[in-house]
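*Asks:* build the 3D model from these lines:
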Amino acid sequence: MTETMVVTGASGFIGSKIAARALAAGYRVVNVDRRPSSNPDLDTRLCDISDAAALAEAFPGEAAAVVHMAARTSVLESKTDPQGVFETNMIGTQNLLELSRRRGVRSFVLASTNAVVGETKDPYITESSALAPLTPYGATKAAGEMLLSAYAGSYGIACASIRLTNVYGTGMQQKDSIVPRIMRALLGGKPLEIYGDGLQWRDFVYAADVVDAFFMALDQGLVGPLVVGAGQSFSVRDVISAAEQAIGREVPVVWGPARSGEMRGVRVDIAKARSLGFEPRVGLVEGLALVWEDFSRV
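*Replies:* You can find the predicted model right below:
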């Protein structure tokens, strides 16, 4: 019997890749999203997850697993519209968990973020780092992790929260993070604006590696948080240099003021993920070359 997996946000950047992997693994995939999907093999049901009645109608009668990608993810947007971000990220997550409880879901995996930790005096972010988000976005994800913990403890659902670093990869044309902005600048668009001194650092992980981590969590019935990244951090200037190395062109840049509410640096410890079998495979220069090929085809 073919099992059903619900992937929220399967029309999006990472969700579409998770849905494609699930289809290849033999699942029937129900995509719950506000936007249509270009993948005709998905059973796409247009729905706002914060609308409990609409979600109950869109959610299948039974499902083996839920991968919850749908969210409002902009840190800056969360500061200007905290209520809207709360309704999507928090109420939507609660609605999904409650439907999962009622309809027999065995595994539930949430796309979370290292932003649940905020600034830390520890050299690395780990699964045991204290939750202290700096923005409404980070707070909604931290609260979502707590909801998952409650549903795992009370109802026996294998609930895992994958704390992602900066994810990049093919299919980023509609995104506004640093990698697609570099690509658009190289294609003749606006120069890349660097906020502050460009020495702020982040962990950049390739999307295909992230998909591996999600399916590892599903296959192993993981419960609790899991930090997933490349295990190596780069400054904004480093990423620009890597792009220039991968593509063979100079990235046009302009300098702007630093942004408030963003962490100066992020370094994550992926030892737990590695102990479970995760290993990032795509390095930064290789990954940026693949993204450039993707942007160049459009």
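
*Asks:* next SSE downstream of the lowest-mean-pLDDT helix or strand in the chain?
*Replies:* The weakest-scoring helix or strand in the chain, judged by mean pLDDT, DSSP states H and E, is helix 75-80 (a mean of 86). Next along the chain after helix 75-80, taking DSSP states H and E as the criterion, comes helix 82-86.

*Asks:* gap between that following helix and the chain center?
*Replies:* 18 Å (CA atoms, centre = their mean, to the nearest Å).

*Asks:* with stretch 90-98 instead?
*Replies:* For stretch 90-98, the distance to the chain centre is 17 Å (CA atoms, centre = their mean).

*Asks:* flag every buried residue along it.
*Replies:* Residues of stretch 90-98 classed as buried: 90, 92-98 (neighbour count, 16 or more other CB atoms under 10 Å). Every C-beta, even on glycine, is put in place using the N, C-alpha and C of the backbone.

*Asks:* need these in a markdown table (columns: secondary structure, pLDDT and distance to Arg106).
*Replies:* Rendered in a markdown table, the data for the buried residues of stretch 90-98 read as follows (DSSP: H, G, I helix; E, B strand; the rest coil; pLDDT from 0 to 100; distance: CB to CB, whole Å):
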| residue | secondary structure | pLDDT | distance to Arg106 |
| --- | --- | --- | --- |
| Met90 | helix | 97 | 23 |
| Gly92 | helix | 98 | 21 |
| Thr93 | helix | 98 | 18 |
| Gln94 | helix | 98 | 19 |
| Asn95 | helix | 98 | 19 |
| Leu96 | helix | 98 | 14 |
| Leu97 | helix | 98 | 13 |
| Glu98 | helix | 98 | 16 |
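
*Asks:* now render these as JSON lines, adding distance to Tyr124.
*Replies:* Putting those into JSON lines (distance: CB to CB, whole Å) gives the following:
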{"residue": "Met90", "distance to Tyr124": "27"}
{"residue": "Gly92", "distance to Tyr124": "30"}
{"residue": "Thr93", "distance to Tyr124": "27"}
{"residue": "Gln94", "distance to Tyr124": "31"}
{"residue": "Asn95", "distance to Tyr124": "34"}
{"residue": "Leu96", "distance to Tyr124": "30"}
{"residue": "Leu97", "distance to Tyr124": "29"}
{"residue": "Glu98", "distance to Tyr124": "35"}
